[in-house]
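**Student:** Sequence first, then the predicted structure, then my questions.
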2 protein chains.
Amino acid sequence: MSDLRKDLEAIYSRAISSVSPVSAVRNYLRLENGRLLAGNSIDSAKEFDLIKYNKIIVVGAGKATAGMAKAVEEILGPWISEGLIIVKYGYTEELDFIKTLEASHPVPDENGIEGARKIRELLLSADENDLVISLISGGGSSLMPLPPENIPLEDKKKATDLLLKCGAGIHEINAVRKHISLVKGGNLARAAYPATVINLMISDVVGDNMDVIASGPFVPDNSTFEDAGKIIAKYKLQNSIPSGISDYINLGAGEKIDDNPKHGDVIFGRVVNYIIASNMIALSSAKEEGENSGYNTIILSSLFQGETENLARMHSEIAKEAVLSSNPASAPLCLLSGGETTVRVRGNGMGGRNMEFTMHAALHINGYKNILIASVGTDGTDGPTDAAGAFADGTTVLRAEKKGISITDYIENNDSYNFFKQLGDLIITGPTNTNVMDIRIILIK
Amino acid sequence: MSDLRKDLEAIYSRAISSVSPVSAVRNYLRLENGRLLAGNSIDSAKEFDLIKYNKIIVVGAGKATAGMAKAVEEILGPWISEGLIIVKYGYTEELDFIKTLEASHPVPDENGIEGARKIRELLLSADENDLVISLISGGGSSLMPLPPENIPLEDKKKATDLLLKCGAGIHEINAVRKHISLVKGGNLARAAYPATVINLMISDVVGDNMDVIASGPFVPDNSTFEDAGKIIAKYKLQNSIPSGISDYINLGAGEKIDDNPKHGDVIFGRVVNYIIASNMIALSSAKEEGENSGYNTIILSSLFQGETENLARMHSEIAKEAVLSSNPASAPLCLLSGGETTVRVRGNGMGGRNMEFTMHAALHINGYKNILIASVGTDGTDGPTDAAGAFADGTTVLRAEKKGISITDYIENNDSYNFFKQLGDLIITGPTNTNVMDIRIILIK
């Protein structure tokens, strides 16, 4: 089994390194003789002749944005005229040309507003002779908040809370939030126009919808002020929502304020968008590594979102089938999947989605000696722990029993961290400075 | 989409017909010049020279057993000396050499006991010059009950109820039940010894464990009287369980009664066991059909057992990934799976596992035009309805809305039958006279 574990470690390491901010930026930006090539292969790359631009401005926000900025500086160096990024407190890199502002995540603060205002001003000052490089990653929405004048941040938070509590869907919540922001829903693209924009994104959302990543500051908005108003009416929030917000949305719905820019708007003729890192990019790299190590390798899906417990059962049932009948393919087999699941909380133990997944899988593959399963958070942190995930195999339950540890007790208490810690089966990577959600790896020999 | 539907119909039809009692028996029994070949290919078939046997005796029980008997008569005809099978009321076939007794399922009755006693006597009368052909299918356990003398059927039912209520696992319940029966747990093999036995089984259990199918009347029992006693003690049922049962198990644990025959027992030197139809056999036939129709075809697993709702979501997430990134394989793609799931009951509508699966899938693939999903009960009956399952595609939700039908209302009410009935998307096959649980088919073009 130790070989399987070594192979599995190589697979997740490769996956995570393929989505590191530095790798991701390098894969999508190259400088050749003063021409900037953007795109993930030479064939489809777009060319930007840097000599033609007055200024090259770098902006961005997100938990992985410092690393992205570092990579951009390594590529462009003194070509960069000025820049400002907003990162989470402590998530900094040493930069020479781009300024860094630290702000609060996941609850926004005044530092974030200050940074968002400065970024917007920088973009408003840009003209058609300027090139903007935008670096967006998960957390960007909280780190770069900018409500319209007269709407305090507190009111925005209150509106979000009300929408969450009344049972509104995530798309509905986003539609409202995008209409009380001068950043989200394409508003930074509007501010930058007529400058040219290269928008690079690290996706931390299932399905990689660009307008969802950090609420899409450079991406067309499909929703309207009218939609936002209808959603508030649908959940009967007219009287409870702060009046500044409902007034602003009413003005917009009455066409007194320009709606967020839409698909086809001239603004987006000047913007190129690239998702430079995503769950599927991590899985594809994992697949390459699996194949190089001699495994038949299958990516099941990057879109898994259901309950962790059921997903673990389902992955185990596929793994067991592979042992019994060589379906979906014969061993040596590597099954990969990704996404972000939910956890049914029963107890008050310590853990995260990935360790929960692995603990449930351990129960289902009990006795199957040729299966090794791991689930790993690509950010290196699973729940409020120092572990990224854990390993399980057909001996996990038995090894626990021999130490007097009952897996069902730990399952009842959601205490996956302490379960695997005692077995020495935690996966510890340290912070990876990126986040493309979770990946699961199953090896069958 | 109509082509997809035609292809899908061909796939499930092929799958179901491959596990029909007649096909299944024909695949495993052939008569050539007075020699009976048993096995699924000529290479591995065992030969039985019929002229050497005094009597050829056919016995069996189960919902699909009449069809199996019919096929055996077509193959062996007058070679059959005598025979008796027990089937569910109404599940008969016209037979010439084998007698049929009808009994109650799923709650056993006196007819079942009468039949079981006669079958046991027939087997006890067989000697080393006789050949027994046993035909076992789902439901056989209820249809062929035979508690030891002085234990009334009522007491056996009471014991099962107590075990179910106290939270005993299915393996624990089976261990007890096998030790208060003269049929289950290999006891019919013991009765038949020293006759030769060809035991043909249609598996309706996940994982195809032979000792679980109809409680394994011709299969070694892994559990002991001592285990049964410990299980009763574990759940503190000593005082509530009928005393005849606890006395019998105590006698057995004290070695006053022979335990059920175990693996390696001389008895099983005379028995050959074949699973002639199973969920995986149905899926493999579906795979052949899918490949013949030009689809890249993948069997995910035959072992899925979790919650229907979550499994539907997971299947949909794999299908959507195929559309987005050509993983796990490129279109045209056929994804197959099987097993038997549970349903989270919320409302009092009409439906079954398969229609529930399809209804949830419809929600998840909404808008994906190139996906067609179906889930089908191989017995032709999904829940208490005349449908075997249903179809869903990316237009299902919209087509329903246009008729004023809200899918979420029908989901809340578990009313999948009426949902699909109104759309004309039910799958109606009629009773198939077999049962290897459920199959799911997803086509992506």
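**Tutor:** Here it is on my side, so go on.
**Student:** contacting residues for the residue of the stretch 151-300 of chain A found nearest chain B?
**Tutor:** Closest residue of the stretch 151-300 of chain A to chain B, Cβ to the nearest Cβ: residue A:299 (4.0 Å). In short, each C-beta sits where N, CA and C put it, glycine included. For residue A:299, the contacting residues are A:280, A:283, A:284, A:287, A:336, A:337, B:321, B:325, B:327, B:328, by Cβ atoms under 8 Å, 6 or more residues apart in numbering or on different chains.
**Student:** you'd agree it is in a helix?
**Tutor:** No. Under DSSP: H, G, I helix; E, B strand; the rest coil, residue A:299 falls outside any helix and is assigned strand.
**Student:** one step back: could you redo the contacts of residue A:299 as a markdown table and give each row pLDDT and secondary structure?
**Tutor:** Formatted as a markdown table, the contacts of residue A:299 follow (pLDDT from 0 to 100; DSSP: H, G, I helix; E, B strand; the rest coil):
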| residue | pLDDT | secondary structure |
| --- | --- | --- |
| A:280 | 98 | helix |
| A:283 | 98 | helix |
| A:284 | 98 | helix |
| A:287 | 98 | helix |
| A:336 | 98 | strand |
| A:337 | 98 | strand |
| B:321 | 98 | helix |
| B:325 | 96 | helix |
| B:327 | 97 | coil |
| B:328 | 98 | coil |
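**Student:** Quick one: name the residues of the stretch 201-350 of chain A near chain B.
**Tutor:** For the stretch 201-350 of chain A, the residues in contact with chain B (Cβ under 8 Å from any Cβ of the partner chain) are A:207, A:280, A:283, A:298-307, A:310-311, A:313-314, A:317-318, A:320-321, A:324-325, A:327-328, A:339.
**Student:** Just the buried ones out of the residues you listed, please.
**Tutor:** Among those, the ones that count as buried by 16 or more other Cβ atoms under 10 Å in any protein chain shown are A:207, A:280, A:283, A:298-307, A:310-311, A:313-314, A:317-318, A:320-321, A:325, A:327-328, A:339.
**Student:** and residue A:236, how many neighbours?
**Tutor:** Counted by other Cβ atoms under 10 Å in any protein chain shown, the residues lying close to residue A:236 total 10.
**Student:** which secondary structure element contains it?
**Tutor:** Assignment of secondary structure by DSSP states H and E places residue A:236 within no helix or strand.
**Student:** number of nearby residues for the nearest residue to it once chain neighbours are set aside?
**Tutor:** Among residues not flanking residue A:236 along the chain, residue A:166 sits closest, at 7.8 Å (Cβ to Cβ, 6 or more residues apart in numbering or on different chains). Residue A:166: 16 surrounding residues under other Cβ under 10 Å.
**Student:** okay but residue A:166 is in contact with residue A:237, surely?
**Tutor:** Yes. If you go by Cβ atoms under 8 Å, residue A:166 and residue A:237 touch, sitting 6.6 Å apart.
**Student:** What spatial separation is found between the spatially closest residue to residue A:383 that is not a sequence neighbour and residue A:313?
**Tutor:** Among residues not flanking residue A:383 along the chain, residue A:352 sits closest, at 2.7 Å (Cβ to Cβ, 6+ apart). Using Cβ to Cβ, to the nearest Å, residue A:352 is found at 18 Å from residue A:313.
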